[in-house]
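# return a 3D structure for these sequence lines:
(one chain, ligands or ions: 1)
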Amino acid sequence: MYQPEIETMDRERLERLQLERLKPLLKRVYERIPFYHASFDEAGFDPEGLETLDDLRKAPFTVKQDLRDNYPFGMFAVPRDEVVRIHASSGTTGTATVVGYTQADLDAWSDCFARAVGRAHGTKDSTMQVAYGYGLFTGGLGAHMGGERFGATVVPMSTGNTKRQVNLMRDFDVDILACTPSYAMHIADTALEMGIDPATDLKVSGMICGAEPMSDELRRELEQKMGAQLIDIYGLSEVMGPGVACECELQDGLHLAEDHFIAEIVDPDTFEPVPDGQWGELVITTLSKECSPLIRYRTRDITRILPGECACGCTHRRIDRIRGRTDDMLIIRGVNVFPRQVEEVITAFPEVSAWYQLVVSTRGDLDAVDLNVEVVPEFDFDTVREVESLQRRIRAALKGNLQIAVNVRVVEPKTIERAESKQKRVIDLRKRG
Ligand code: DLL
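Predicted coordinates for the structure are as follows:
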């Protein structure tokens, strides 16, 4: 562990620390951010009336639209001369959300990511290749700072140029790879095509992967291909970037960085808190952020708090791996499904690979879903009977496991576009009213 004094702090002290950080934070956002002043007043929430951590539940939520409405700098709590970095979401689905960082914010973020490097068995001799995109996306620079903070040697590759990624991994003895899980899969496949077996010819022993959901089945496949353990890392640009939570080597949930964040799980329909162990929407309050603090931010990510302590010794609570986002959930003829659940079903078929895409459209008044999934190179794609039988069996498995009717089409290897950042698993062609 990278910061044992913090990561193994006893719960009572940790919660005291959270309360000590939360009280002045609420006062600060109320005084400095007009949005919070107005929203606290409207909800009748007194920022100075907080006595226990539970009192935070009386505060109103913050949602993505609030950040958009205050574009670009309306949610900053510090003067501009204290801001040393800006990141922003791509804005493909609306106005971009902008997040600023002071130097202290970057330091805290570096610490959070550095914990992941420790959990991926990093040492000061480690060489970490960062194949997350650099730029306004938080993946590249977040991993970069975390690697340097840890004391590893960082190779700032960014995404793309996949053959070169493989060559440098081999030449530089890279032992930690940080990128999205789908890009890690693409790197592993590319290495194999180059005649390099990543499990034996490369020295990668840890991967720090996040930014998109991945089923347990695909994770195991990737780990096997790469001959390395995958540490799942979670984060979102509005809250900080990668490092809000990350797995330890036991891979039994992601430890929240509870010295910097308070997490709640709420029912996505009623917004009432749910008990530990129950799935719901993750809500995060930042405790130490200076520039862009957030109170009860609704992430739209579906997870649950895992009850009990982790055997690794870290006292910070764990969330389960992200099941999906409330806005990614497909409602197929009245049945709710996340793409990850479809992935869980199809990965049971050795004939198909990790590459699939769901195309959702409207036929008549109903949602129709087409699943395109690539076969593995060894599959005899030219025998029509084999193809039809496979399609039929996958369709039956989806119907049996998820109760959804999906039109399955198996396609040849390498026909689905590989993304270097987040893989596009769902194409939604439905017309919205
Ligand atoms: O994806 C930050 C990040 C970079 C996290 C690198 C991990 C590694 P955004 O682009 O703002 O930020 O997207 C945030 O991605 O709300 C989740 O829906 C999803 N997500 C992030 N990490 C995971 C994960 C970055 N480990 C959104 N598992 C979040 C599943 C994830 N989904």
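
# hmm, who's touching stretch 87-99?
Outside stretch 87-99, the residues that touch it by Cβ atoms under 8 Å, 6 or more residues apart in numbering are 64, 67-68, 71-73, 75, 86, 101, 136-138, 141, 237-238, 240-241, 291-292. (Glycine included, C-beta is placed from N, CA and C.)

# now do stretch 250-264: distance to the chain's middle.
13 Å (Cα atoms, centre = their mean, to the nearest Å).

# same check on stretch 238-246?
So, by Cα atoms, centre = their mean, the centroid of stretch 238-246 is 8 Å from its chain's centroid.

# how about residue 22, what does it touch?
With Cβ under 8 Å, 6+ apart, residue 22 has these contacts: 50, 53, 56, 262, 285, 287.

# would you mark the buried spots in the helix or strand it falls within?
Residue 22 belongs to helix 11-32 when assigned by DSSP states H and E. For helix 11-32, a neighbour-count test (16 or more other Cβ atoms under 10 Å) marks 14, 18, 19, 21, 22, 25, 26, 28, 29, 30 as buried.

# what about the nearest residue to residue 423 once chain neighbours are set aside, which helix or strand?
Distance criterion Cβ to Cβ, 6 or more residues apart in numbering; nearest residue to residue 423, sequence neighbours excluded, is residue 182 at 3.6 Å. For residue 182, the host element (DSSP H and E) is helix 181-193.

# check residue 231 too.
Assigned by DSSP H and E, residue 231 belongs to strand 229-236.

# quick one: average confidence on the helix or strand just after that strand?
Using DSSP H and E, the helix or strand that directly follows strand 229-236 along the chain is strand 241-247. Per-residue pLDDT values over strand 241-247 give a mean of 98.

# how about the very next helix or strand once past strand 241-247 and the ligand, touching?
As assigned by DSSP H and E, the chain's next helix or strand after strand 241-247 is strand 254-256. No: taking Cβ under 6 Å from any ligand atom as the criterion, strand 254-256 and the ligand are apart, separated by no less than 7.2 Å.

# continuing past strand 254-256, what's the next helix or strand?
Next element after strand 254-256 (DSSP H and E): strand 261-266.

# what angle do that following strand and strand 229-236 make?
80 degrees (axes from the mean of the first three to the mean of the last three Cα atoms, to 10 degrees).

# for the residue in the chain that the ligand sits nearest to, give me its contacts.
Distance from the ligand to each residue of the chain (Cβ to the nearest ligand atom) is smallest for residue 210, at 2.9 Å. Counting by Cβ under 8 Å, 6+ apart, residue 210 touches 139, 180, 181, 232, 233, 234, 235, 242, 246.
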